[in-house]
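Engineer: Next comes the sequence, and after it the predicted model I'd like to discuss.
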Amino acid sequence: MTSSPQPSQNLQTIETLLKQLPEHRPQLVVLPEACLCFGAGDQRQRELAELPNEGPMQAGLAELARRYNVWLVGGTIPLINHTDDNKFYAASLVYNPQGECVARYNKIHLFDVDVADNTRSYRESSWTEAGTEVVTVATEFGTLGLAVCYDVRFPELFRALRSAGADILLLPSAFTQVTGAAHWHVLTRARAIEQQCFMVAAAQAGEHENGRQTFGHALVIDAWGRILAETDQTKPSLATALVSVSDIHKIRQDIPVADHFKRSNKVLHASTERTR
Ligand SMILES: O=C(O)CNC(=O)[C@H](CS)NC(=O)CCC(=O)C(=O)O
């Protein structure tokens, strides 16, 4: 998506995409970070921020999940934070096909980064409250592990998701054009390979109303690191793949990294303690 600052307009775009989905059900649809409001400025986002399970953005996503009979992951939307009025949570919400919100993940790693693009300096923590919880959710497809965008640079989170049972990693994103061109495919594939999970990485793409340029290239990656689907367009489009989560069992059996990590973790931990 090339989301605008206008939630109702973005909901319409999402509905246009949902109409193009293959017939196959059950189906999981992952939307990009800030799918309902992008490039609006932090003041506008604060105004739009909603309480959990209240407000038009969440009602819109719930209704679409129900109408199209899909599991729908609403990238991130701003949700109110009671401890600091100036900061909202960047929350990724999972809706089941009945339109019920069954999980919420607040983005943990915030993008306080300098980039050689026309924005130059990103300071996400100045308007976003960091999440503190690792979130997985059991579904009929397998267990989903939730992460968002910049989180992909922190493999420890993905290790924690795998330890908590994740089979399918979800990564709603809004990667910058510059960092995306250099790192997007490598990072998303690396997380899939090392955790032996599917990776569904949705993306903002193109040039937004505030001049920000995002990289696009939404991906579905399997647990062997193969790219199953990719969209390289900068107009709203879908990357779709038909997958079976049972494919990961052989990979995990043949290369038992989860067991080996338990062994090495003790050694590594003891060793860093000694050298400190
Ligand atoms: O601000 C919004 O409206 C939506 N959120 C974003 O665009 C976020 C925070 S600025 N973007 C990223 O995390 C980019 C990460 C990235 O590009 C990298 O890790 O290289």
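Structural biologist: Received it, and whenever you're ready, just let me know what you need.
Engineer: Flag every residue of this protein that's near the ligand.
Structural biologist: Within the chain, the positions adjacent to the ligand are 33-34, 38, 111, 122, 124, 149-150, 153, 174-176, 179 by CB under 6 Å from any ligand atom. The way it works is simple: take the backbone N, C-alpha and C, and place the C-beta from them, glycine included.
Engineer: Give me the buried entries from those.
Structural biologist: 33-34, 38, 111, 122, 124, 149-150, 174-176, 179 (16 or more other CB atoms under 10 Å).
Engineer: how about the helices of the stretch 101-250 of the chain, start to end?
Structural biologist: Secondary structure of the stretch 101-250 of the chain (DSSP state H, counting those that start in this stretch): helices located at 155-163, 177-195, 247-254.
Engineer: With only the CA atoms kept, save the longest one in CSV.
Structural biologist: C-alpha atoms of helix 177-195 as CSV (Å, rounded to 0.1, in the frame of the first residue of the first chain):
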residue,chain,number,x,y,z
GLN,A,177,13.5,3.1,0.3
VAL,A,178,17.2,3.5,1.1
THR,A,179,17.5,0.9,3.9
GLY,A,180,15.0,-1.4,2.2
ALA,A,181,17.0,-1.6,-1.0
ALA,A,182,20.1,-2.6,1.0
HIS,A,183,18.6,-4.8,3.7
TRP,A,184,15.0,-5.8,3.3
HIS,A,185,15.3,-9.1,1.5
VAL,A,186,18.4,-10.3,3.4
LEU,A,187,16.9,-9.5,6.9
THR,A,188,13.4,-11.0,6.2
ARG,A,189,15.0,-14.2,4.7
ALA,A,190,17.5,-14.5,7.5
ARG,A,191,14.8,-14.4,10.2
ALA,A,192,12.8,-17.0,8.3
ILE,A,193,15.8,-19.3,7.9
GLU,A,194,17.3,-19.0,11.4
GLN,A,195,13.9,-19.5,13.1
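Engineer: all strands for the stretch 151-276 of the chain, in order.
Structural biologist: Under the criterion DSSP state E, counting those that start in this stretch, strands of the stretch 151-276 of the chain are mapped to 168-170, 198-201, 205-207, 213-215, 218-221, 227-231.
Engineer: Turn these into TSV, including distance to Val29, mean pLDDT and mean neighbour count.
Structural biologist: Listed next are the strands of the stretch 151-276 of the chain as TSV, based on distance: least, CB to CB, whole Å; pLDDT from 0 to 100; neighbours: other CB atoms under 10 Å:
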stretch	distance to Val29	mean pLDDT	mean neighbour count
strand 168-170	10	98	26
strand 198-201	9	98	28
strand 205-207	16	96	20
strand 213-215	19	97	22
strand 218-221	11	98	25
strand 227-231	13	98	17
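Engineer: As a markdown table, these with distance to Gly131 would be great.
Structural biologist: Formatted as a markdown table, those follow (distance: least, CB to CB, whole Å):
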| stretch | distance to Gly131 |
| --- | --- |
| strand 168-170 | 14 |
| strand 198-201 | 19 |
| strand 205-207 | 25 |
| strand 213-215 | 22 |
| strand 218-221 | 23 |
| strand 227-231 | 28 |
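Engineer: rewinding a little: which of the residues of the chain next to the ligand lies closest to His260?
Structural biologist: His260 lies nearest to Arg153 out of those, by CB to CB, at 23.1 Å.
Engineer: Not counting sequence-adjacent ones, nearest residue to that closest one?
Structural biologist: Leaving aside its sequence neighbours, Arg153 sits nearest to Leu187 (CB to CB, 6 or more residues apart in numbering; 6.5 Å).
Engineer: Could you report the neighbour count for the one you found?
Structural biologist: Around Leu187 sit 19 other residues, with neighbours defined as other CB atoms under 10 Å.
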